[in-house]
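A.B. asks: I need the structure of the sequence given here:
(2 chains)
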Amino acid sequence: MPTFGTLELTAIVDRLATVRDLDTEAWALPGAEILQLAFEVPRATESLLPRSMHPAIPPYGTIWVTRYPESPVGPFTLAQLRLMGRAGVHPRGLVLGAVASTADAATALRERWGLPVVPGRVSFTRRHDRITATATRDGVTVLECALVDPEPISGGDVQYIHSVTLAHAPLDGEIGPRLIQVDSRYTFKKAERGRPHVGVLVAPAWGAGPLRPLNPIAATVTTCDTDLPRIRFVMDVEVPVVRGTRRIRESREE
Amino acid sequence: MKFGLFYEISVPRPWTREAERTVYQNALEQVRLADELGFDQVWAVEHHFLEEYSHCPAPELFLTACAMITKKIRVGHGIIICVPEFNHPIKIAERTAVLDILSGGRLEVGTGRSATWTELGGFRANPDTTKKSWDEFVRCLPRMWTQETFAYDGEFWSMPERTIVPKVYQRPHPPLWVAVTTPGTELDAAERGLGSLGLTFGQFAEQEKRIAEYRRRIRICEPVGAFVNDQVSTVNFLYCHEDDATGRATGRRMADTFNYLASQLVSAREAFPSRSYQSLGLLPQLRRQATGPEASEQAGEGLAFGGPQRVLHALKRWEAVGVDRVNFLMNALEVIPQADVLASLRLFAREVMPAFADDKPANGATAPGA
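C.D. replies: Got it, this is the predicted structure:
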């Protein structure tokens, strides 16, 4: 059978976000602009992946920088680093680290969806020849990346993979580390594709020790209406997800 | 309806050299038996880097071994990836000709373009252009097999005039097929006079519609080769057992294993947004079958596992929707012991195949314009 992640949970359990409850309300996020860069990453990144998940073949990661012009906590920009893997048969992106441009956004995202996010400075700059993004924490630039030579494509060609976060969450009266599925929806208004360029990625700042961008795959930038949904599934961190998944509610609307 | 075997060569970890060899040896033993039992074809894929799922990067070598130990069964090279970073067209023409000669004219040639970033990225191929390069390759291949000399200057490859030798053994040339996973590719096949080598499982109603459209289009095709290969083949799992419940449970385990392995791969579309890969292809269907609401008895629609009567009924349904040939996957990760695979083949040949023996001949090759 496929290999599993080898994450030592004890090494990171103290710095996980804590979700208040699993009854999080959804956020509508209209007019978002999403920059995604995909690139292959070293095999050693399996040490970042929970034992309940499989590495993708080949392992790859994505940088996601999103500018939200409207949200319940006001406009903000969010940078995330995700390691792509498989929850059973489903592709999922484990959020390793994130930086939000406002403290309110950082707090809400940690408490509601378990994102490992800290406040910082995040820029998203759209130009005709490139779309660039940076993230800064405590005065240190931890991300500098770009989509180079954007060309229009159809939004229908873009497939965003759902995220999972690893956070403390209450379930059956106990708070403990769990994987939380964040399965946003997207209605695309505009999409472009280009070459990914990563100038700076300080892996430790993203909780991503052995991760470094290797073979570049593709970059996209889209404008879309999206959301952060109600939580539907939580998964055990150590047990394969085909056995360790709990459905919290039947549908996103419930 | 005719029946064949279909090999991915799925090897479980740990990959000891004996483990790899055992899987290949088991496959060869199955092919030898299938030839004796009257199966019509054996197909082997070309895949690269697909850990556990498929350790079959050189199908022409495996098929040569098959040809050497059998008498009648046809050998299907399917599919050859028609992307220049994977295979040079001259080498394709040459090695298929040699295989056709060595097999005594038993070669079938499947063509395709790969559907995974795992493979395309590994060869640094551009997913945007694989349909175009495939088209160039399939236009050239019949001419390289049949013309005394050949020269070409295209977008993806070129060559000055040379005599490509040897020529294929079959006249005018082996039947050509194209792998069909994403909807619409069957029309690509029809418009070029190629056989439709279906690689999806189940779903009678959907397949019936696609086959009907294929038949309609191929009647007015401009064939790339010297003849029209008006045939629809599909792939299926096979596990036939005297006890229906045992057959279904074992078959289900094989299918689930196969689907689970396939889902670990990175599809082209998942990583590299491109108009060339607008559909996710086979993977979403397999994911749904593995875990979704269809992961039930219903997901077994048309799958050939269970007792002989159940298998026969499923295949009669396929015949009714217009399928000419069914190629069977018989194992994944060796979850079924070799002795049981061989027993399943024997039971199928004894109890199921005779029910198809007196039917009208399967569709086949026709001359252009016929």
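A.B. asks: pLDDT value on whichever residue of chain B sits closest to chain A, please?
C.D. replies: Using CB to the nearest CB, the single residue of chain B nearest to chain A is B:S263, 3.6 Å away. To be clear about C-beta, it is placed using only N, CA and C from the backbone, and glycine gets the same treatment. B:S263 is assigned 94 on the pLDDT scale.
A.B. asks: Ok, the one 4 residues further on next?
C.D. replies: On the pLDDT scale, B:S267 is placed at 94.
A.B. asks: List the beta-bridge partners for it.
C.D. replies: B:T116 (DSSP bridges).
A.B. asks: My read is that it contacts B:W117, right?
C.D. replies: Yes: B:S267 lies in contact with B:W117 (CB atoms under 8 Å); the separation is 6.7 Å.
A.B. asks: neighbour-wise, which of the two wins?
C.D. replies: Between B:S267 and B:W117, counted using other CB atoms under 10 Å in any protein chain shown, the more crowded position is B:W117 (27 against 23).
A.B. asks: My read is that that one contacts B:E270, right?
C.D. replies: Yes: checked against CB under 8 Å, the pair B:W117 and B:E270 is within contact range at 6.8 Å.
A.B. asks: Up against chain A, what does chain B have?
C.D. replies: By CB under 8 Å from any CB of the partner chain, the residues of chain B that approach chain A are B:12-13, B:49-52, B:117-118, B:121-122, B:259-261, B:263-266, B:269-275, B:278, B:280, B:286-287, B:290-291, B:333.
A.B. asks: Close to chain B: what parts of the stretch 1-150 of chain A are there?
C.D. replies: By CB under 8 Å from any CB, the residues of the stretch 1-150 of chain A that approach chain B are A:1-3, A:38, A:40, A:54, A:56-58, A:60, A:84, A:86, A:88-91.
A.B. asks: Out of those residues, which comes closest to chain B?
C.D. replies: Closest to chain B, out of all of these and judged by CB to the nearest CB, is A:V89, at 3.6 Å.
A.B. asks: That closest one: neighbour count?
C.D. replies: Using other CB under 10 Å: A:V89 sits among 25 other residues.
A.B. asks: ok, and the closest non-adjacent residue to it?
C.D. replies: B:S263 (3.6 Å; CB to CB, 6 or more residues apart in numbering or on different chains).
A.B. asks: In the chain, which helix is the longest?
C.D. replies: The chain I'm using is chain A. Longest among the helix segments of chain A by residue count, using DSSP state H, is helix A:103-113.
A.B. asks: not quite, I wanted chain B
C.D. replies: Chain B, longest helix under DSSP H: helix B:17-37.
A.B. asks: per-residue confidence averaged over that helix?
C.D. replies: Per-residue pLDDT over helix B:17-37 has a mean of 97.
A.B. asks: And the contacts of it?
C.D. replies: Here helix B:17-37 makes contact (CB atoms under 8 Å, 6 or more residues apart in numbering or on different chains) with B:5, B:7, B:9-12, B:42, B:55, B:62, B:65-66, B:69-73, B:330-331, B:334, B:338, B:341-342, B:345-346, B:349, B:353.
A.B. asks: Please enumerate the strands of the stretch 101-250 of chain B.
C.D. replies: Assigned by DSSP state E, counting those that start in this stretch, the strands in the stretch 101-250 of chain B fall at B:107-112, B:150-153, B:158-162, B:176-180, B:195-198, B:228-229, B:232-240.
A.B. asks: any chance of these in TSV, with distance to A:A98 too?
C.D. replies: Below are the strands of the stretch 101-250 of chain B laid out as TSV (distance: least, CB to CB, whole Å):
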stretch	distance to A:A98
strand B:107-112	40
strand B:150-153	52
strand B:158-162	50
strand B:176-180	41
strand B:195-198	43
strand B:228-229	54
strand B:232-240	43
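A.B. asks: among these, which is nearest A:Q80?
C.D. replies: A:Q80 lies closest to strand B:107-112 among the strands of the stretch 101-250 of chain B, at 35.7 Å (CB to CB).
A.B. asks: Tell me who's in contact with the spatially most central residue of chain B.
C.D. replies: With distances taken as CA atoms, centre = their mean, B:G78 lies nearest the centre of chain B, 4.9 Å away. Counting by CB under 8 Å, 6+ apart, B:G78 touches B:43-46, B:59, B:108-110, B:112, B:177, B:179, B:197.
A.B. asks: can you list contacts of the host helix or strand of A:T132?
C.D. replies: In the assignment (DSSP states H and E), A:T132 maps to strand A:130-137. With contacts defined as CB under 8 Å, 6+ apart, strand A:130-137 is touched by A:35, A:63, A:65, A:79, A:99, A:118, A:120-125, A:141-150, A:194, A:197, A:200, A:205, A:221.
A.B. asks: try 6 Å
C.D. replies: Residues outside strand A:130-137 that contact it (CB atoms under 6 Å, 6 or more residues apart in numbering or on different chains): A:35, A:65, A:79, A:99, A:120-125, A:142-148, A:205, A:221.
A.B. asks: got the CA positions of that strand in PDB?
C.D. replies: The C-alpha coordinates for strand A:130-137 follow below in PDB (Å, rounded to 0.1, in the frame of the first residue of the first chain):
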ATOM      1  CA  ARG A 130       3.900  39.400 -13.300                       C
ATOM      2  CA  ILE A 131       1.900  39.000 -10.100                       C
ATOM      3  CA  THR A 132       4.100  39.100  -7.100                       C
ATOM      4  CA  ALA A 133       3.500  38.400  -3.400                       C
ATOM      5  CA  THR A 134       5.600  38.800  -0.300                       C
ATOM      6  CA  ALA A 135       5.100  37.900   3.400                       C
ATOM      7  CA  THR A 136       7.000  39.400   6.300                       C
ATOM      8  CA  ARG A 137       7.100  38.300   9.900                       C
END
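A.B. asks: Helix or strand next in line after the lowest-mean-pLDDT helix or strand in chain B, which one?
C.D. replies: When the helices and strands of chain B are scored by mean pLDDT, DSSP states H and E, helix B:282-291 comes last with a mean of 54. Going down the chain from helix B:282-291, the next helix or strand is strand B:304-306, by DSSP H and E.
A.B. asks: Against which helices or strands is that next one packed?
C.D. replies: strand B:232-240, helix B:244-262 (3 or more CB pairs under 6 Å, 6 or more residues apart in numbering or on different chains; DSSP states H and E).
A.B. asks: Redo those as a markdown table? Include mean neighbour count.
C.D. replies: Below are the helices and strands packed on strand B:304-306 laid out as a markdown table (neighbours: other CB atoms under 10 Å in any protein chain shown):
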| stretch | mean neighbour count |
| --- | --- |
| strand B:232-240 | 25 |
| helix B:244-262 | 20 |
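A.B. asks: That's all I had, so thanks and see you.
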